[in-house]
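Q: Kindly generate the corresponding structure for this input.
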Amino acid sequence: MNILGTITHIRNFLTNTFDEIDTWFELPETLRHFRPARGSWTIDEVLEHIGLTNHFLLILIDKGTSKAWNNVHQLDLAAVLADYTFRTDQLTEVGLHQSFEWIRPEHMEPKGEKSLPEVRQQLKDQLTQCLAYLDRMPNGEGVLYKTTMTVNQLGKIDVYEYIYFLAQHGSRHIMQMQQNEKEWENRP
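A: This next block holds a predicted model:
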């Protein structure tokens, strides 16, 4: 896939993931507040966690976007793109709930500090931010800067991969919310 196809894929996956996450806000409060037997988060807590994690990822994406643009004048974009491979397989694994051990930092754990409407708006704003970063780097500029990602031993990933990681993280938690819903439906 060429870089324009990769950017389109990221944009579509990002939009579809955020659209699906948004549907979870409409579920009955009893389901959203249900705590699974395994003691994991409620759906409301998962939604808050997604917003918290996105907040910190977007700080890195913002810095990476600026640094990638600074590198446009020092690096040969065409040469970098000629050898470019978007690591779909490794990044897709991030989107699978419980596919690997993931110990999140404490500052990404939900604390109930925002109302549900505030969390929903935060996620909508974060999607807008991500799409703006993609718009700012329409020709592959995002490959010109990499930042280390320790999750799942990804190593150095570029700005596009960071944005895709953010979307995959949301997908991972959609699976978790689906598990919560299934357990809620099957409760005695």
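Q: my read is residue 156 is in a helix, agree?
A: No. Assignment of residue 156 by DSSP: H, G, I helix; E, B strand; the rest coil gives strand, placing it outside any helix.
Q: so it sits right up against residue 143, yeah?
A: No. Between residue 156 and residue 143 no contact is recorded; they are 11.4 Å apart, counting by C-beta atoms under 8 Å. For glycine as for every other residue, the C-beta is placed from the backbone atoms N, C-alpha and C.
Q: Name all residues that make contact with the residue nearest the centre of the chain.
A: Closest residue to the average C-alpha location of the chain: residue 166 at 1.7 Å, with C-alpha atoms, centre = their mean. Residue 166 makes contacts with 14, 53-54, 57-58, 61, 130, as judged by C-beta atoms under 8 Å, 6 or more residues apart in numbering.
Q: again, but for residue 47
A: Going by C-beta under 8 Å, 6+ apart, the list of residues near residue 47 reads 21, 24-25, 116, 119-120, 123, 177.
Q: mind putting the contacts of residue 166 in TSV, pLDDT, distance to residue 74 and secondary structure included?
A: TSV is the format used below for those (pLDDT from 0 to 100; distance: C-beta to C-beta, whole Å; DSSP: H, G, I helix; E, B strand; the rest coil):
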residue	pLDDT	distance to residue 74	secondary structure
14	98	28	helix
53	94	31	helix
54	96	30	helix
57	95	25	helix
58	97	25	helix
61	97	20	helix
130	98	26	helix
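Q: Just flag the most distant two among these.
A: 14 and 53 (14.4 Å; C-beta to C-beta).
Q: What ranges does the chain have for its strands?
A: Along the chain, counting by DSSP state E, strands occupy 146-149, 155-158.
Q: Looking only at neighbour counts, state which of residue 156 and residue 143 leads.
A: More crowded of residue 156 and residue 143, by other C-beta atoms under 10 Å: residue 143, with 23 against 10.
Q: which non-adjacent residue is nearest the more buried one?
A: Once flanking residues are discounted, residue 143 sits nearest to residue 158: 4.8 Å by C-beta to C-beta, 6 or more residues apart in numbering.
Q: Residue 122 now?
A: Leaving aside its sequence neighbours, residue 122 sits nearest to residue 51 (C-beta to C-beta, 6+ apart; 4.5 Å).
Q: my guess is residue 109 contacts residue 49, does it?
A: Yes. Here residue 109 reaches residue 49: they are 6.8 Å apart, a contact under C-beta under 8 Å.
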